[in-house]
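Asks: the following block contains a protein sequence and its predicted model.
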Amino acid sequence: MKLAALVAGAAVVAARDVYAPHLRDIEECQVESVNYTQLAEQLSSTAQVYLSGSDAFDSAVMRWSNLSTPVANVVVLPSTEQDIVTTVKFANQHSLPFLTTNGVHGSISTLGQMTSGIEIHMSQLSSITVASDGQTVTIGGGVISKNLTDALWAVGKQTVTGTCECVSYLGPALGGGHGWLQGRHGLVSDQFVSMNMVLANGSLITVDETSELFWAMKGAGHNFGIITSMTSKIYDLEHSNYAMETLMFSGDQVEAVYQVANEQWLINGATMPVDLINWSYWYYDPTTDAEKPVIAMYLIQEGVDTVSENYTNPFLALNPLSSTPSSGTYLDLAAWTGIALDSTPCQKTGNANPRFPIYLKSYNTTAQALVYDLFKEATTNASTPFSNALFMFEGYSQQGVKSFSDDATAFAYREDNLLVAPLLTYARNGTALDEVASKLGNQIRQILYEGSGETTLNTYVNYAFGDETPSAWYGSEEWRQDRLRALKEDFDPKGQFSFYAPIA
């Protein structure tokens, strides 16, 4: 077969480790009786194949969360969409499972059901092309959110992306996708115009609003194919400047803080203003409070240099521990909220990072106090493994999201206002600790669910722990489940795209 060694800086990876066809002959190599050199010879000249045991392979398969992780025998880095077609057909010929990866934060436990096969790492498909009319952008399947945001910013454009800089553009989008601009334009998936995708049988198709599959891709898209490129709506940059007020509260004030949030934006006919985002985090910071987690409340406003007093004064009246203003641009939001490329939540540390998400319409302050006590006990006792845990409360403006009908897409939870999730970061040391984390996370979520007054558990599939049901991920309405199952049967009858939150 033919090979090109991968050069990374001054280092050359051994020929046995990395395969990219068309330079020099070597012996055929087999992994678990599958001749991957045959696959390498069929790929484009810049595609790469990493075999298990190499540094390049280890880097490619490293997960953000080291809990119930998928196992691959080989990693393929396609550089053309035809490479993906070839890889999927090769996998089918050899009865091999395959899984597409890109970016970080995919941590659902169902991924652990892949115990061998091919990882298709999308990072080389990173093109970003703005249409000449300035109305759309075509995005390669491996593009990271920050790269897209920066590329559009450079030409005075924007679109909705995930908030965290290190996530892929498409990963969040396929599950709906929340973002800073959703109050203006809707979810990430609401921006879809068309997509090129490879189906389970290896066929390459284009999907747009004329296809029945288009509906499913906007909320349950992980189940149906590999997107090689996506065309999305884009918008003129209207508000470059942003301001944020960071208010730090003692945990003793938990009920009062969230009562203010309720009264401001979530109950009695109130709504989050379209120019405002309200996030909060709970975390243990012994430099601020050695006895209990703090509450960090973020008020983020677009188009201003200082957050309006109408938004800050009700919280300031509670006498926070501190109040810190920030002023900058849209590009600063990720760093301000601790989710930039160099922030801790974007690093692959080898820790487990399970989340237990739930959607809410408003805060039940009694439930908030109860789960705060659980979170406090879990993060501040002397022997806790969860001292680095983070509790996330994401309150986006919703006007753009709610401008679409409930049945417009597979995303089911447009009427909910809050995305809440404890992130129980810990260093794994056996299944017993995993069980403790699962019990704690589900106990927290159950209290919030019971306090919500809802009759169904609504969860965000992109944050899912994995023990939830398809009804929780994709909506409990019978017609939704029936429609998704029918499409699954039509487009993926063998369930080859079922490692991430499977429909059935």
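Replies: Ah, there it is. Numbers count the residues shown, from 1 in each chain.

Asks: shouldn't Asp236 be in contact with Thr159?
Replies: No: distance between Asp236 and Thr159: 10.9 Å, which falls outside the contact criterion (CB atoms under 8 Å). Quick note: C-beta positions are derived from backbone N, CA and C, even for glycine.

Asks: neighbour-wise, which of those two wins?
Replies: Thr159 (20 against 9; other CB atoms under 10 Å).

Asks: residues in contact with that one?
Replies: The contact partners of Thr159, taken as CB atoms under 8 Å, 6 or more residues apart in numbering, are Val137, Leu148, Leu152, Leu181, His185, Gln191, Ser232, Lys233, Ile234, Tyr235.

Asks: let's go with 10 Å and repeat that
Replies: 136-137, 139, 148-149, 152, 169, 179, 181, 185, 188, 191, 232-235 (CB atoms under 10 Å, 6 or more residues apart in numbering).

Asks: what separation do you get for it and Ala408?
Replies: Thr159 is 18 Å from Ala408, where distance means CB to CB, to the nearest Å.

Asks: go on, Gly171?
Replies: Gly171 is 21 Å from Ala408, by CB to CB.

Asks: send me the longest helix anywhere in the chain as PDB with only the CA atoms.
Replies: Determined from DSSP state H, the single longest helix within the chain is helix 431-452. The C-alpha coordinates for helix 431-452 follow below in PDB (Å, rounded to 0.1, in the frame of the first residue of the first chain):
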ATOM      1  CA  THR A 431     -17.600   2.100  39.300                       C
ATOM      2  CA  ALA A 432     -18.600   2.700  42.900                       C
ATOM      3  CA  LEU A 433     -17.900   6.500  42.500                       C
ATOM      4  CA  ASP A 434     -19.700   6.500  39.100                       C
ATOM      5  CA  GLU A 435     -22.800   5.100  40.900                       C
ATOM      6  CA  VAL A 436     -22.500   7.800  43.600                       C
ATOM      7  CA  ALA A 437     -22.400  10.500  40.900                       C
ATOM      8  CA  SER A 438     -25.300   9.000  39.000                       C
ATOM      9  CA  LYS A 439     -27.400   8.800  42.200                       C
ATOM     10  CA  LEU A 440     -26.600  12.400  43.200                       C
ATOM     11  CA  GLY A 441     -27.200  13.900  39.800                       C
ATOM     12  CA  ASN A 442     -30.500  12.100  39.400                       C
ATOM     13  CA  GLN A 443     -31.600  13.000  42.900                       C
ATOM     14  CA  ILE A 444     -30.900  16.700  42.100                       C
ATOM     15  CA  ARG A 445     -32.800  16.500  38.900                       C
ATOM     16  CA  GLN A 446     -35.700  14.700  40.500                       C
ATOM     17  CA  ILE A 447     -36.200  17.400  43.100                       C
ATOM     18  CA  LEU A 448     -36.200  20.000  40.300                       C
ATOM     19  CA  TYR A 449     -38.700  18.000  38.300                       C
ATOM     20  CA  GLU A 450     -41.000  17.500  41.200                       C
ATOM     21  CA  GLY A 451     -40.800  21.200  41.900                       C
ATOM     22  CA  SER A 452     -41.600  22.200  38.400                       C
END
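
Asks: list the buried residues in the helix or strand that it is followed by.
Replies: Counting by DSSP states H and E, the next helix or strand C-terminal to helix 431-452 is helix 470-474. Neighbour-count burial for helix 470-474 flags Pro470, Ser471, Ala472, Trp473, Tyr474 (criterion: 16 or more other CB atoms under 10 Å).

Asks: nearest the geometric middle of the chain, what residue?
Replies: The centroid of the chain falls nearest to Pro172 when counting by CA atoms, centre = their mean (4.3 Å).

Asks: that one: what's it in contact with?
Replies: 103, 105-106, 145, 160-164, 178-179, 187-189, 460-463.

Asks: one more: Val74?
Replies: Counting by CB under 10 Å, 6+ apart, Val74 touches 19, 31-32, 34, 36, 39-40, 49-52, 57, 60-61, 87, 96, 98, 116-120.

Asks: can we see that at 8 Å?
Replies: With contacts defined as CB under 8 Å, 6+ apart, Val74 is in contact with Val31, Val34, Tyr36, Val49, Tyr50, Leu51, Ser52, Phe57, Ile118, Glu119.

Asks: including neighbour count, distance to Asp342 and pLDDT, could the residues you listed go into a markdown table?
Replies: Shown next, in a markdown table, are these (neighbours: other CB atoms under 10 Å; distance: CB to CB, whole Å; pLDDT from 0 to 100):
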| residue | neighbour count | distance to Asp342 | pLDDT |
| --- | --- | --- | --- |
| Val31 | 14 | 35 | 51 |
| Val34 | 20 | 38 | 91 |
| Tyr36 | 23 | 35 | 95 |
| Val49 | 27 | 30 | 97 |
| Tyr50 | 27 | 26 | 97 |
| Leu51 | 20 | 31 | 95 |
| Ser52 | 15 | 30 | 92 |
| Phe57 | 21 | 25 | 97 |
| Ile118 | 25 | 31 | 98 |
| Glu119 | 22 | 25 | 98 |
